[in-house]
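J.: return a 3D structure for these sequence lines:
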Amino acid sequence: MRLHLFEFEDCFWFPDVLRQGQTDYLHFVISKLNIYKPAAPLVKEIMDKSGTSQIIDLCSGGGGGADVFQKNLEELGSKVTIILSDKFPNIPAFEKIKAFSGGRVDYVTESVDALNVPKNLIGMRTMFSAFHHFKPDDAKAILRNASESNVSIAVFEGAEKNILNFLGILLFTPIMFIISTPFMKPFKLSRIFFTYIIPLIPITTVWDGLVSILRMYSSNEMVEMAGDAAPKYNWSAGKAKSKMGNNILYLIGYPK
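T.: This next block holds a predicted model:
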């Protein structure tokens, strides 16, 4: 059963200093663990079929390891540019990733709604660790918007709904915060304060992580929604095992 409880990150009133603290942490962990490496061959295959060399990443948060994913694609022989976008763009994080990637990862400064992507953002669309944020009607709207623009789309989730992932977030995320926060760049006093003095960033991140598991769609649910949203598209969904041993879920669609 899917429960769509609230996440702090979705709330317009959630302070940016805490939101960026969350997204910085997620970018750090996803990058260091290279969680989405198994997604690279799937994305490369669709990009080769569609003949595109640009990715429009939706709901990018703090970058979600886009710099590492861009390198994963290059290792497979794909010269690709990734454009980061978000409804609440984390410009400092995006700028850091752009510099680190030598410009191979760029970003949009304006707010981008995944349900209605601007026509000038051209390329295959991706979404990492974000599809669960949307209720079924909005999730379908994201897929329908891609089909109306006649572009490919790939949705990935870094975990599936099970008790082990739920307990992992509950038990290990606080430990990871304590260990990793001093190593996150750029250094921010606010991040130190709201992690070690008043631990609002870890607390809200743990809550949002637990709710994310409860909100997660299965691969079968995703492909069923996709068929309703864009029946004239080719859709496939499934699981791919990461080097951490857990499954990442995916939904991929492209024009017939």
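
J.: next one: residue 217 from residue 153, what distance?
T.: 15 Å (Cβ to Cβ, to the nearest Å). C-betas here are computed from N, CA, C, even on glycine.

J.: same question, residue 248
T.: Residue 248 is 16 Å from residue 153, by Cβ to Cβ.

J.: same thing with residue 96?
T.: 26 Å.

J.: more crowded one of the two?
T.: A direct count of neighbours by other Cβ atoms under 10 Å for residue 96 and residue 153 places residue 153 higher, at 26 against 18.

J.: who are the contact partners of that one?
T.: 124-127, 142-143, 146, 252-254 (Cβ atoms under 8 Å, 6 or more residues apart in numbering).

J.: buried only: go through those residues for me.
T.: Buried positions within the contacts of residue 153, assessed by neighbour count (16 or more other Cβ atoms under 10 Å), are 124-127, 142-143, 146, 252-254.

J.: just the ones of these in helices?
T.: 142-143, 146 (DSSP state H).

J.: so which of those residues comes closest to residue 55?
T.: The shortest approach to residue 55 among those belongs to residue 146, at 12.5 Å (Cβ to Cβ).

J.: and stretch 136-144, what's buried?
T.: Residues of stretch 136-144 classed as buried by neighbour count (16+ other Cβ under 10 Å): 139-144.

J.: just the residues contacting it, thanks.
T.: Contacts of stretch 136-144 (Cβ under 8 Å, 6+ apart): 58, 114-115, 127, 131, 134, 153, 217, 222, 225-226, 228-230, 233, 253.

J.: now, those residues that are in strands?
T.: Secondary structure from DSSP state E places 58, 127, 153, 233, 253 of these in strands.

J.: widest-spaced pair of those?
T.: Longest distance between any two of those is 16.9 Å, between 58 and 233; criterion Cβ to Cβ.

J.: which of these two has more neighbours?
T.: The neighbour count for residue 58 versus residue 233, taken as other Cβ under 10 Å, is higher for residue 58 (27 against 20).

J.: surely that one meets residue 123?
T.: No - the pair residue 58 and residue 123 fails to qualify as a contact (Cβ atoms under 8 Å) at a distance of 11.0 Å.

J.: how about the contacts made by the residue nearest to residue 143 when sequence neighbours are not counted?
T.: Spatially, and ignoring its direct neighbours in sequence, residue 143 is nearest to residue 229 (4.1 Å; Cβ to Cβ, 6 or more residues apart in numbering). Residue 229 sits next to 140-141, 143-144, 147 when contact means Cβ under 8 Å, 6+ apart.

J.: now, which of those sits nearest residue 34?
T.: Set against residue 34, the nearest of the contacts of residue 229 by Cβ to Cβ is residue 143 (26.7 Å).
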